[in-house]
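K.L.:
sequence and computational prediction follow.
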Amino acid sequence: MDEGRPNIVELVKTGKGDMVNKTPRGAESLYGEKSIRRAAIRYNIPCITTLSAANAAALGIQALIENTFDVQPLQSLHAKKAAAQKSPSSAD
């Protein structure tokens, strides 16, 4: 927001972006963050606010492009994780 024009809010308003990835930089950028999130919500554009969410989104987009995804119930993923934690590790 403080780096000149056009800024991200203007780009969102004019439809020149499909997604916003805004991670916090500290207290000085709080005003800009609010404006960016508000514009993203108003114009129905996804707004990612953490690096882990950006990584997950990138992996999801890659899977969509490569058509390498499958759908699984969340419960089965938790069951696999629990089973892996119960089994003895190969390092022992």
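P.N.:
Perfect, thanks for sending it. Numbers count the residues shown, from 1 in each chain.
K.L.:
state the distance from G60 to G17.
P.N.:
Distance of G60 to G17, given as Cβ to Cβ, to the nearest Å: 18 Å. Glycine gets a C-beta too; all of them are placed from N, C-alpha and C.
K.L.:
between these two, which is the more surrounded one?
P.N.:
Comparing G60 with G17 by other Cβ atoms under 10 Å, the one with more neighbours is G17, at 16 against 11.
K.L.:
which SS state does that one fall under?
P.N.:
Three-state call for G17 (DSSP: H, G, I helix; E, B strand; the rest coil): coil.
K.L.:
that one contacts I8, correct?
P.N.:
Yes: using Cβ atoms under 8 Å, G17 makes contact with I8 at a distance of 7.5 Å.
K.L.:
which other helices and strands does the host helix or strand of E10 contact?
P.N.:
For E10, the host element (DSSP states H and E) is helix 8-13. If you count contacts as 3 or more Cβ pairs under 8 Å, 6 or more residues apart in numbering; DSSP states H and E, helix 8-13 packs onto helix 30-42.
K.L.:
would you mark the buried spots in the helix it packs on?
P.N.:
Neighbour-count burial for helix 30-42, counted by 16 or more other Cβ atoms under 10 Å, picks out G32, E33, S35, I36, A39, A40.
K.L.:
parallel or antiparallel, which strands does whichever helix or strand comes after it pair with?
P.N.:
Remark: after helix 30-42, the chain's next helix or strand is strand 47-48, criterion DSSP H and E. Using DSSP bridges, the strands paired with strand 47-48 are strand 20-21 (parallel).
K.L.:
check which helices and strands the worst-scoring helix or strand of the chain on mean pLDDT sits against.
P.N.:
Ranked by mean pLDDT, DSSP states H and E, the weakest helix or strand in the chain is helix 30-42, scoring a mean of 82. Helices and strands touching helix 30-42, as assessed by 3+ Cβ pairs under 8 Å, 6+ apart, comprise helix 8-13, strand 20-21, strand 47-48.
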